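K.L.:
return a 3D structure for these sequence lines:
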Amino acid sequence: MIRPPVFAVLWLMTLAGAQELPPVSGLPHAVVLRRIPAEDGWDLVVALSSAHACEEAPRPCWWTTEDRLGILLEDRGDPDKFLPLAIEPGPNNDCSTRVERFTVQELVLSCTGEKWATYDNQKFIYDVRARKLVSHYSYAPCSAERVLAGPKFAMTDGKRELVIDFDPDSGEPRVTAGAAPAAPENAIDRLHFTKDGVSLGGKVYPLPQADLQGWQQARPDEATTYLHIELAEIDEEIGPQQAEGGLLWFGKTFYNAEGATGVGGFGYFDSSTTSYYLYAPPEIANWSVSAILVEPDAVWLALDRRGEFGNYPGGLLLWDRNTQAVRRWEMPWIATGVARFGDAIYLGLTNGVGWLRGDRIVSYFVDRSEAGQYRMAARN
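P.N.:
Here you go, the predicted structure:
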């Protein structure tokens, strides 16, 4: 939690920034979001005074127009001494903010709504030596739409499409020139692999659904939320897909709110036998699949939960095709695409890209200069 002197500074700057605000008792929650060493014995601090307590990830802190975010210099030797570089209200009343990048030159905050509406990133550029804010502007974040060969990712901010590739020497992502090629037709398209099943040769093969008994066994905690078990509506669909010869791999997806539910899983449809083969290890039972990568010895699955208030990330799962052993990595982002290049697994995210090497996941987002130039920036 925040130190008492910082709270006092936030109180003063809140009242100074907007006289119509209630006294500090109306903004009872103050927290340091991030602290880094600056220069000459100073720390650079991002602090938030809010009417709402910070929630657990992935939606940590509300920053509304009545709250105040401060970028402050704190004297390391005298914790009562502060120099504010910026004091800012939230951009709207539906903004849950996260620190995407924080250095001694710049701060970038993302902004997500209660039902996962995506708002512009807020970027602050400051001069620590001059003790002043240089610039504050906003720009739309980019999400990964699809995986391209390379690997590359086609990204969009809703208006403009960018292509992201990775430097072969450093592995760092970069924005490239040129537009992404159109998505090619594949075996899945030709076989009419829909959300409900497979249409092949004029016949529809529906996706098998979990029954109520299997759902209760796989998800006992979910089952206890229903007053009557028969009220549970199991509605599982085919999600992301990948063809492997005559096998059509896919991950299951389902809405998990307002009475709808399901059991997470994945598997394949064998076009030669017109049969489904499904797998549901316990680690995936609570989750939908948002992206899939099938390799000769393994299947990679990105997980999320589709709820009334948006989609929540569930991490990255590796399933060994020989032993059926499972490994899972937590991450606070939803992946929409997975690709391999060399010794790394690359991820297209709803708000950037990332890679996994060994046990380390690193992510980046598309940053923009005030002049409109795009670059990849590492989250820190």
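K.L.:
wait, residue 73 sits on residue 82?
P.N.:
Yes - between residue 73 and residue 82 there is a contact under Cβ atoms under 8 Å: 6.7 Å. In short, each C-beta sits where N, CA and C put it, glycine included.
K.L.:
residue 354 and residue 361 touch, don't they?
P.N.:
Yes - contact criterion Cβ under 8 Å: residue 354 and residue 361 qualify, at 5.9 Å.
K.L.:
which stretches in the protein count as helices?
P.N.:
4-17, 187-190, 212-218, 220-223 (DSSP state H).
K.L.:
and the second one, average pLDDT?
P.N.:
This predicted structure assigns helix 187-190 an average pLDDT of 59.
K.L.:
before we move on, what about the last one?
P.N.:
The predicted model assigns helix 220-223 a mean pLDDT of 94.
K.L.:
now do that helix: distance to the chain's middle.
P.N.:
Remark: helix 220-223 is offset 26 Å from the chain centroid, using Cα atoms, centre = their mean, to the nearest Å.
K.L.:
residues contacting residue 327?
P.N.:
Counting by Cβ atoms under 8 Å, 6 or more residues apart in numbering, residue 327 touches 317-318.
K.L.:
for beta bridges, what are the partners of it?
P.N.:
residue 318 (DSSP bridges).
K.L.:
any idea how far it lies from residue 219?
P.N.:
Distance, residue 327 to residue 219, by Cβ to Cβ, to the nearest Å: 21 Å.
K.L.:
hang on, isn't residue 172 packed against residue 362?
P.N.:
No - contact criterion Cβ under 8 Å: residue 172 and residue 362 do not qualify, at 9.5 Å.
K.L.:
the two: which has the busier surroundings?
P.N.:
Neighbour tally, residue 172 and residue 362, criterion other Cβ atoms under 10 Å: the higher count belongs to residue 362, 17 against 12.
K.L.:
let me see the contact set for the more buried one.
P.N.:
354-355, 378-379.
K.L.:
can I have the buried ones of the residues you listed as a PyMOL selection?
P.N.:
Here is the PyMOL command that selects only those of the contacts of residue 362 that count as buried (16 or more other Cβ atoms under 10 Å):
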select buried, resi 354+355+378+379
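K.L.:
tell me the pLDDT at residue 183?
P.N.:
64.
K.L.:
please parse the protein into its domains.
P.N.:
When the chain is parsed with automatic domain parsing, its domains come out as 4-139, 143-378.
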